[in-house]
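1. No sequence on hand, only this structure:
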Ligand SMILES: [Zn+2]
Ligand SMILES: [Zn+2]
């Protein structure tokens, strides 16, 4: 189980690695984190989203294309943080970002918060508030509840709060009933 998680973490985007920082959390969070793993933010697996700070918009390319673009960026602006060239404004202002699964907008990933334990959803959309990580975690937890396997003491407080919010809002009735 742990070996499998490590493997998946290695393949996952850096923010997922952070979300499960350390095996301790991975074990503590158990199934919930397992559900977080395949978190992609739309498009095919391996696709990279770029966010352009200048356009406040972004684009999606294959992992291979992303590597090429960053290589080009490093050549164009040696010694600086590699930012890819924006196909819209032609400026080197694009960083790896996220794309909201719900509203489709591109945005910049927020800075890490807290220490090694995740305390928030780093993929929360600043436009509509949707977080794919939270959505998966809530669904996993509600499924566990329905099966009588939910143990709130074993998951981090911020996930627990998200589950409570979801129950209050009634947004996940479909999962709760199953
Ligand atoms: Zn741009
Ligand atoms: Zn959104």
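-> Received, thanks. Note that this is a predicted model, so its numbers are computed, not measured. Ligands and ions are numbered 1, 2, ... in the order given.
2. what residues go with each domain of this protein?
-> According to the domain assignment given by automatic domain parsing, the chain is divided into the following structural domains: 2-40+112-177, 48-99.
3. so, in contact with ligand 2 or not, the last one?
-> No - using CB under 5 Å from the ion, domain 48-99 stays clear of ligand 2, coming no nearer than 8.8 Å. For every residue, glycine as well, the C-beta is placed using N, CA and C.
4. repeat for stretch 133-153
-> No - Stretch 133-153 stays clear of ligand 2 (CB under 5 Å from the ion), getting no nearer than 11.4 Å.
5. any idea which residue sits dead centre in the chain?
-> residue 123 (4.5 Å; CA atoms, centre = their mean).
6. What are the boundaries of the helices in the protein?
-> Counting by DSSP state H, the chain has helices at residues 2-11, 14-19, 22-29, 31-36, 63-76, 132-146, 157-169, 173-177.
7. ok, the residue nearest to the centre of the chain to residue 70 distance?
-> If you measure residue 123 against residue 70 using CB to CB, to the nearest Å, the figure is 21 Å.
8. and if you look at residue 135?
-> Counting by CB to CB, the separation of residue 135 from residue 70 is 29 Å.
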